[in-house]
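*Asks:* this is the structure alone, sequence omitted:
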């Protein structure tokens, strides 16, 4: 069991017979018009229920329940921590320069205070039945943390409050910063690859996260307003509802599969089992323009590579008409209706197609982000 | 008194190594198979050290070496029977294990694998599983162990630790792991669809006002900041990618005027080009391995 | 003056959160919260919040020592307790794996439910219980027992009666023998985290069979059984009886609330 679990990163292979796999694959691979087992269109998502601010003991929290009954809870906690002095060459030399003359000290400070460190965001994922150093939780948390700390909106934002992205927001002053702990709990054993569930829950939890209002100024040791009502959102909100589309939001990670020529979103467990490729694509809104941008792409090992091959009738000693068709089977060619574990990789144009479907105007990425914006937060 | 405005050339400080290659020129790769006799297949891979290292040796400005180059060893054990307690598997069960030597990076790594090493292991597994013809070895296991002897830098050592803190060096390490593992698997005579090679491309920026540009096989120490980078595991004969890892925001890249590609597509194509380059080295190493094997089979001298 | 129970209680006869000695915190619960499991529950005792899900009875994992020969006479109960990193006031730093507190709770729960449930009905199978502590504010073990009971009821696993847990403590360090003439220490019911850290306390779990047949009209006073008792603080032996009596009384109150929750749940089986 444990060897098997280590081996397959994309959740366990479901117990589907080769004949079923083959049937499922060919209906999903129908050119231009895949037939999904639950009758959804290729870009349609399953319904989900979500609520935020469920745990009073955290800075921000959310619960999301998927249609298949799996639920995740995310709690975000923030702590104030002392910044370890950056003893690097440029700051040392800057200090030397400041001793020579104070002419450029403003510039130096501003550049030092807007950058943060990616390790200030810590993420841990608890999945029942897995140790937290198993491959799956480690891979998932790296996959989700990466776009989060990466999403530096390069200028463009009107108030400039999120100038350095999430990392920059965590900076209090030169000597102090916030450390963010994101704890993700999956409440039951995952029925399918849990990435979309965890990503959406984390997104909502971060949106509802508040940090106490800072009362100290500049380089003082920080102290904060006791009033929780005065606390500020980690991802600042603009006051007008009109500008809500432009406000900064954490990235979301979408799971996309390709079967044959088709690209399918929000795959169920059985659909993942026959996927040729499984990609996790993280997107966020660009701060300046309204367009979406890709923050990270990762291939996930599709479980179809680990499935059991089907046996053509020709090779089956129990069947009667064995010798007649034996030759064509031996060459290892694809025989229609006989399942073979997927081999090889993905073509470049398929990747480009998947990314395009996510990014394009009115595409899936926008649809998901708009859906999430509909969730009342706070 | 006039102070020097540029960030790197502060008085008395070491200077950042500069990239001297063309933007599409790769570093030389040394790859040799069959160095570890006890394993069923093995390989050793080394990247060409940066010319800045040689320059620093001859005229030292600082005791700290300016850059590091990847060195790693890969061993393959198997195919071997799975333990009796394991459940039935119709396919070859692949186990990948990537470990930094404690002295590999500038910061010491512990002996227990940390999250980034496990993450690399999963990436490598994904890259290789698409290549190996796994159903030819039911009920068997294959262990791939990679020891990284010298890692790539994540940034220039003189930079502030928060200037570009994403572990960009990991991406070069992964590309090296893929290429080396592919050679070692071929050396172990395990059936593959193709040789899979790793390649890296990155969108880098060399200063505040310099336009971000695409470079292949970037050494993170040579650049002021890296906006986005991409690793692929690529099979040239099938034109397919078995592993893709892209991170960072590449939307600000300035490509040539007639280039209509998006940043991420350009990165992907660049990484594939880099992998094509690595593939030529890989093919040469595997040919060497095959010749040695043929020599063994004929009873001739082993090496 | 330090703001703790042992100093303020004698003056005000009120505890830090304003309760009197024999008052429970607000207990809210819900069952069938997680459709992906056989049975599930959500339970909040004051600020202690727990979610619990039950899987099974299902075939035990093969190759596992507990699933094979050990379960031949009846089902094996497996308990997995996870205290979320954000459960406490400060974020808990863990060096991998589970910590001592959660594994102790898991062991106690496993022992309590293994003997409590009618496991003989399900030979060669496993009942796995997963407990997630979302926020921890004292009485963790007691709340976990109650949440597990509700989830097991939801899963339809037969048991002789509801197993309910409650904590009881003393309002001072209680290290000297009790003086019957001048009783200055009061027993306290259902301790919160600051009280647990300061005062001696015990956790008691009781059960009683559902009265059937001719005894149906009787009150179940005599049928009450203590099936779990846990104390790891130092207290003079003359106080134990009082604490136990108060704890058992608390269990009875909790049982009534839990029966109401089970009966009021809309899920039909």
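*Replies:* Noted; the coordinates are in hand. Keep in mind the model is a prediction, meaning the values are calculated, not measured.

*Asks:* what is the least confident helix or strand in the chain?
*Replies:* Going with chain A. Across the helices and strands of chain A, mean pLDDT, DSSP states H and E gives its lowest value to helix A:2-7, namely a mean of 38.

*Asks:* let me rephrase: I mean chain B.
*Replies:* That would be, for chain B by mean pLDDT, DSSP H and E, helix B:51-58 at a mean of 79.

*Asks:* just chain C next, same as before
*Replies:* helix C:5-12 (a mean of 82).

*Asks:* gap between that one and the chain center?
*Replies:* Offset of helix C:5-12 from its chain centre (C-alpha atoms, centre = their mean, to the nearest Å): 27 Å.

*Asks:* max-length helix in chain A?
*Replies:* If you go by DSSP state H, chain A has its longest helix at helix A:135-150.

*Asks:* what is the mean pLDDT for that helix?
*Replies:* The average pLDDT within helix A:135-150 is 83.

*Asks:* check stretch B:126-144 too.
*Replies:* Mean predicted lDDT for stretch B:126-144 stands at 89.

*Asks:* how much space separates residue A:150 from chain B?
*Replies:* 6 Å (C-beta to the nearest C-beta, to the nearest Å). Bear in mind the C-beta positions are built from the backbone N, C-alpha and C, glycine included.

*Asks:* check contacts around that residue.
*Replies:* By C-beta atoms under 8 Å, 6 or more residues apart in numbering or on different chains, the contact list for residue A:150 reads A:118, A:165, A:295, A:296, B:166, B:247, B:248, B:249.

*Asks:* helices along the stretch 51-200 of chain B, start to end?
*Replies:* B:51-58, B:115-129, B:169-187 (DSSP state H, counting those that start in this stretch).

*Asks:* hang on, the earlier thing: the longest helix of chain A: how far from the chain's middle?
*Replies:* 7 Å.

*Asks:* just the angle between that helix and helix B:115-129, please?
*Replies:* With axes from the mean of the first three to the mean of the last three C-alpha atoms, to 10 degrees defining the directions, helix A:135-150 sits at 110 degrees from helix B:115-129.

*Asks:* tell me which element whatever residue of the stretch 101-250 of chain C ends up closest to chain B is part of?
*Replies:* Here the stretch 101-250 of chain C gets closest to chain B at one residue, residue C:126, 17.0 Å apart by C-beta to the nearest C-beta. Taking DSSP states H and E as the criterion, the element that holds residue C:126 is strand C:125-135.

*Asks:* need the residue closest to the centroid of chain A.
*Replies:* What sits nearest the mean C-alpha location of chain A, by C-alpha atoms, centre = their mean, is residue A:253, with 3.0 Å.

*Asks:* which stretch of helix or strand covers that one?
*Replies:* Short version, using DSSP H and E: residue A:253 is in strand A:252-259.

*Asks:* report whether that strand contacts chain B.
*Replies:* No - Strand A:252-259 stays clear of chain B (C-beta under 8 Å from any C-beta of the partner chain), getting no nearer than 11.9 Å.

*Asks:* pretty sure residue A:62 sits against residue A:199.
*Replies:* No - taking contacts as C-beta atoms under 8 Å, residue A:62 lies outside contact range of residue A:199: 11.5 Å.

*Asks:* picking that back up, mind checking which of the helices of the stretch 51-200 of chain B is nearest chain C?
*Replies:* helix B:115-129 (10.6 Å).

*Asks:* same for that closest one, what does it pack against?
*Replies:* Identification of packing neighbours for helix B:115-129 by 3 or more C-beta pairs under 8 Å, 6 or more residues apart in numbering or on different chains; DSSP states H and E yields helix A:135-150, strand A:292-300, strand B:93-100, strand B:140-150, helix B:169-187, strand B:225-235, strand B:240-248.

*Asks:* pull out the buried positions in the fifth one.
*Replies:* The reference is to helix B:169-187. B:169-187 (16 or more other C-beta atoms under 10 Å in any protein chain shown).

*Asks:* over to stretch B:210-223?
*Replies:* B:212, B:213, B:214, B:215, B:216, B:217, B:218, B:219, B:220, B:221, B:222, B:223.

*Asks:* from those residues, which is closest to residue B:142?
*Replies:* residue B:217 (28.6 Å; C-beta to C-beta).

*Asks:* wait, what's in contact with that closest one?
*Replies:* B:21, B:25, B:26, B:27, B:172, B:199, B:200, B:201, B:274, B:277.

*Asks:* so which of those residues wins on neighbours?
*Replies:* Neighbour tally across the contacts of residue B:217 (other C-beta atoms under 10 Å in any protein chain shown): the maximum, 31 neighbours, falls on residue B:201.

*Asks:* on the pLDDT front, check that residue for me.
*Replies:* pLDDT at residue B:201 comes out at 92.

*Asks:* over to residue C:95?
*Replies:* 48.

*Asks:* the residue in the stretch 101-250 of chain B positioned nearest to chain C: neighbour count?
*Replies:* When distances are taken as C-beta to the nearest C-beta, the stretch 101-250 of chain B reaches nearest to chain C at residue B:112, 9.0 Å away. Residue B:112: 9 surrounding residues under other C-beta under 10 Å.

*Asks:* how near is it to residue B:173?
*Replies:* Between residue B:112 and residue B:173 the computed distance is 18 Å (C-beta to C-beta, to the nearest Å).

*Asks:* now swap in residue B:46 and tell me
*Replies:* 13 Å.

*Asks:* ok, now residue C:21?
*Replies:* When residue C:21 is compared with residue B:173 (using C-beta to C-beta), they lie 63 Å apart.

*Asks:* PyMOL command to pick out the buried ones of the contacts of residue A:150?
*Replies:* Selection of buried members from the contacts of residue A:150 for PyMOL, criterion 16+ other C-beta under 10 Å:
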select buried, (chain A and resi 118+165+295+296) or (chain B and resi 166+247+248+249)
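
*Asks:* pick the one among the contacts of residue A:150 closest to residue A:124.
*Replies:* Nearest to residue A:124 among the contacts of residue A:150 is residue A:118, at 15.4 Å by C-beta to C-beta.

*Asks:* give me the nearest residue to the closest one, chain neighbours excluded.
*Replies:* Excluding the flanking residues, the one nearest residue A:118 by C-beta to C-beta, 6 or more residues apart in numbering or on different chains is residue A:149, at 4.0 Å.

*Asks:* show me what contacts that neighbour?
*Replies:* A:118, A:121, A:165, A:166, A:167, B:166.

*Asks:* can you check residue C:42 too?
*Replies:* C:29, C:30, C:31, C:33, C:49, C:50, C:51, C:52, C:147.

*Asks:* what ranges of chain B fall below the confidence cut-off?
*Replies:* B:1-14, B:158-166, B:208-209, B:253-260, B:299-303 (pLDDT under 70).

*Asks:* how about the residues of it by chain C?
*Replies:* Counting by C-beta under 8 Å from any C-beta, chain B sits next to chain C at B:85, B:87.

*Asks:* hey, which helix is longest across chain B?
*Replies:* Chain B, longest helix under DSSP H: helix B:263-297.

*Asks:* what count of nearby residues applies to residue B:291?
*Replies:* Neighbours around residue B:291, by other C-beta under 10 Å: 10.

*Asks:* distance check, it against chain A.
*Replies:* 27 Å.

*Asks:* for chain A, state which of the contacts of residue C:42 is nearest.
*Replies:* Of these, the one sitting nearest to chain A (C-beta to the nearest C-beta) turns out to be residue C:51, at 6.1 Å.

*Asks:* around chain C, pick out the residues from chain A.
*Replies:* A:1, A:55-58, A:61, A:65, A:68-71, A:73, A:75-77, A:79, A:124, A:126, A:128-129, A:131-133, A:181, A:183, A:185, A:187-189, A:191.

*Asks:* any idea how many residues pack against the nearest residue to residue C:158 once chain neighbours are set aside?
*Replies:* Nearest non-adjacent residue to residue C:158, counting by C-beta to C-beta, 6+ apart: residue C:118, 4.3 Å away. Residue C:118 has 12 neighbours, counted by other C-beta under 10 Å.
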